[in-house]
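Student: Need a 3D model of the sequence below.
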Amino acid sequence: MSEVVVIGLGQLGRVFAGGLLRSGHTVVPVNRGDDLFTVAHAHPDPALVLVAVAENDLHVVLAAMPGAWRPHVALIQNELLPRDWAQYRYADPTVISVWFEKKKGTDAKPLIASPVAGPGAGLLCRALTAIDLPCREVAPGDELLFELVRKNVYILTTNIAGLKTGGTVSQLWAQHEAFARQVAYEVMDIQDALTGVAHDRDKLIAGMLEAFDGDPDHGCTGRSAPARLARALTHADAFGLAVPTLRALAG
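Tutor: Have a look, this model is predicted:
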């Protein structure tokens, strides 16, 4: 059985580990405080190295990744864009945009199929399919970039707009569509600046609404919403973007 290293055994990491085990792989766990190079010495040639740490820990892990593991890296974080891995000279990582929710004490709940691209795409899709979570392979490059931006628009729009409206995603669109669109368009301004690409806004809205339909009762905000707004404004400041709706929400 091929080995897959999983760095970070939080809620999502454990879901992936379960799918990998079910699909016939040996899972090598790396927990907080474990030395990456010690584990890499014992497991130098894994089929995949799944980085399942939280968004705030991603850059530390990417910078510290052992050389033997770098060609096998797979990323699953929210708010992920190519600039995040390119700055550490990862040429072609496996990247998945996760569209299922996993909370403590509950089973993973899919909204829509999770798109994945890169060398390990087939392996990850087989792992998720083995535990009844839908997954689909997409092409690296423009197709993957759109999927990452689509997820970012969904997360940032619902979290940030929800700071004002509360409620569920279906309520957000049914009762506050004009406001939600204002937030979404400003989020897209930031995403365009971060990626250097002018994305199709109608297509992004349609993609967001598909996810709304996948789980209409999904709550808009969580604990991370204020931090997401602050991060969005930091990006807007860096690119000189006005984003008046987001600034008004920040007070």
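Student: List phi and psi for C135.
Tutor: phi -150, psi 150 (degrees, to the nearest 10).
Student: distance of it from A40?
Tutor: Distance of C135 to A40, computed by CB to CB, to the nearest Å: 27 Å. All C-beta atoms are positioned from the backbone trio N, CA, C, and that covers glycine.
Student: now do V60
Tutor: Taking CB to CB, one finds V60 at 16 Å from A40.
Student: remind me which residues of this structure are low pLDDT?
Tutor: Counting by pLDDT under 70, the chain shows no low-confidence range.
Student: repeat that with 90
Tutor: 1, 32-33, 101-107, 222-223, 251 (pLDDT under 90).
Student: Tell me which residue lies nearest the centroid of it.
Tutor: N78 (2.7 Å; CA atoms, centre = their mean).
Student: Now do the strands in the chain.
Tutor: 3-7, 26-30, 48-51, 73-75, 94-96, 100-101, 109-110, 114-117, 135-137 (DSSP state E).
Student: just so I know, which of those strands lies nearest K151?
Tutor: Among the strands of the chain, the nearest to K151 by CB to CB is strand 114-117 (8.8 Å).
Student: What strands line up against that closest one, and which way round?
Tutor: strand 94-96 (antiparallel), strand 135-137 (parallel) (DSSP bridges).
Student: one step back: can I get the strands of the chain in JSON lines including mean neighbour count and distance to G166?
Tutor: Below are these laid out as JSON lines (neighbours: other CB atoms under 10 Å; distance: least, CB to CB, whole Å):
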{"stretch": "strand 3-7", "mean neighbour count": "23", "distance to G166": "35"}
{"stretch": "strand 26-30", "mean neighbour count": "18", "distance to G166": "37"}
{"stretch": "strand 48-51", "mean neighbour count": "27", "distance to G166": "33"}
{"stretch": "strand 73-75", "mean neighbour count": "25", "distance to G166": "31"}
{"stretch": "strand 94-96", "mean neighbour count": "27", "distance to G166": "30"}
{"stretch": "strand 100-101", "mean neighbour count": "18", "distance to G166": "18"}
{"stretch": "strand 109-110", "mean neighbour count": "16", "distance to G166": "21"}
{"stretch": "strand 114-117", "mean neighbour count": "23", "distance to G166": "27"}
{"stretch": "strand 135-137", "mean neighbour count": "17", "distance to G166": "32"}
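Student: Before I go, just wanted to say thanks for your time.
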